[in-house]
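> predicted model, plus sequence, below.
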Amino acid sequence: MDRRKFLQLPLAGVPLLLADQYFAQQKNAVVSSLKTKMPSVVSTWDSGITANKGAWPILQRNGRALDAVEAAGRASEDEPSCCVGLAAWPDRDGRVTLDSCIMDGDGDIGAVSFLERIKHPVSVARKVMETTPHVLLSGEGAQKFALANGFPLEDGKLSPDAEKEWKKWLEKSKYKPEANIENRRAFFAPYFFDDGTPNHDTMATVAMDSKGKLAGMVTTSGLAFKMRGRVGDSPIIGAGLFVDNEVGAATSSGVGEEVIRICGTHTVIEQMRFGKSPEQACREAIRRIVTRDPAKAKEIQVGFLALSKNGEVGAFSIAKGFTYTVTNSQYPTGEVFESKSWF
């Protein structure tokens, strides 16, 4: 309706017209379908069961959300089948490089990227947060920092499975991912190479403790067989993770480059700040990725996951198959849910 016609309406009819438009919009709105009991921990993917098992005992005894998410990251990094940590698939040069970040709801943050031969990057990220004036340390500097703070240097050898897959990849050196090809060893990593080997390994966790405080972490080995030096969204605050005690916590998994382009998790939190549910906020972030390049979006996977300060959990992804795990008093052993998707 143009301005001229709008001004010709009887004043009494204006509120009714606006109400009709509002309810028409709400009819097609996506709403978050899961309200959880606090404290609660939520992680990406089915393999979030492993992460949540590390976090839940801390929350259960009224511990801090920050301690819980660090424990979740360490549990994932210790579990070879999760495909994060030093047992994960390497870059194309045959070397495993790790990225991680951690954040609490007060805005304290720490991160590491391109870190080699250190088993628990999430704990190094927390050490960066708590003992330095910096936010992100990378490469050789991050490793030196870790060693100076008592983290042992591992031998750097590939795990048998990782070495086997890397040598198989070298035969073709083919880099063509497909979304959500199931691979049990990789616990349903977001997408895989056309021969079934995973090219993405990320575990992300957000949590709220009994005092209502929020925290989150991400830990990853990044894209399998990536170019050496490549860093995705996982260690970048506002891309792979963002937490605000006034609003909620959000994280992501999938093609990190696309998440970085839209400052994905910061976008989710700001949408929640404006009143959208976690699921609606995640959907809006996905919409921005899809509409930027619709043809490309059909070939990739990105999923966003959010936990509001009110205990609402929501997620949304480009393609079907993005799952997340919730653990709390209602689901003490962890319950897996699948997000809605654009396609």
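Sure thing, it's come through.
> so where's the stretch 101-250 of the chain uncertain?
Applying pLDDT under 70 to the stretch 101-250 of the chain flags the ranges 174-201.
> tell me which element Ala68 falls in.
Per DSSP states H and E, Ala68 falls inside helix 65-78.
> remind me what that helix packs against, helices and strands.
Here helix 65-78 touches strand 40-44, helix 48-60, strand 98-104, helix 121-131, strand 202-208, strand 214-220, going by 3 or more Cβ pairs under 8 Å, 6 or more residues apart in numbering; DSSP states H and E. Placement of C-beta: from N, CA and C, glycine included.
> could those be laid out in a markdown table, adding distance to Gly73 and mean neighbour count?
Shown next, in a markdown table, are the helices and strands packed on helix 65-78 (distance: least, Cβ to Cβ, whole Å; neighbours: other Cβ atoms under 10 Å):
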| stretch | distance to Gly73 | mean neighbour count |
| --- | --- | --- |
| strand 40-44 | 10 | 31 |
| helix 48-60 | 7 | 24 |
| strand 98-104 | 7 | 31 |
| helix 121-131 | 3 | 24 |
| strand 202-208 | 7 | 33 |
| strand 214-220 | 4 | 32 |
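> let me have these in a markdown table, adding distance to Val313 as columns.
Output for the helices and strands packed on helix 65-78, formatted as a markdown table (distance: least, Cβ to Cβ, whole Å):
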| stretch | distance to Val313 |
| --- | --- |
| strand 40-44 | 6 |
| helix 48-60 | 12 |
| strand 98-104 | 18 |
| helix 121-131 | 22 |
| strand 202-208 | 9 |
| strand 214-220 | 12 |
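> between these, which one is closest to Ala146.
The closest of these to Ala146 is helix 121-131. By Cβ to Cβ, the value is 4.7 Å.
> can you tell me how far the residue nearest to Asp108 when sequence neighbours are not counted is from Ile237?
Spatially, and ignoring its direct neighbours in sequence, Asp108 is nearest to Met129 (5.5 Å; Cβ to Cβ, 6 or more residues apart in numbering). Note on Met129: its distance to Ile237, by Cβ to Cβ, to the nearest Å, is 10 Å.
> what sits in contact with each of the two?
103, 109, 135 (Cβ atoms under 8 Å, 6 or more residues apart in numbering).
> Asp209 against Val69, yeah?
No. Under the criterion of Cβ atoms under 8 Å, Asp209 is not in contact with Val69, lying 10.0 Å apart.
> and the two? which has more neighbours close in?
Each of Asp209 and Val69 has its neighbours counted (other Cβ atoms under 10 Å); Val69 has more, 37 against 23.
> check the more buried one and give its pLDDT.
pLDDT recorded at Val69 is 98.
> return the residues in contact with it.
41, 55, 102, 205-207, 215-217.
> pull the distance from stretch 268-287 to the chain's centre.
Centroid separation between stretch 268-287 and its chain, computed with Cα atoms, centre = their mean, to the nearest Å, is 15 Å.
> no more questions from me, cheers.
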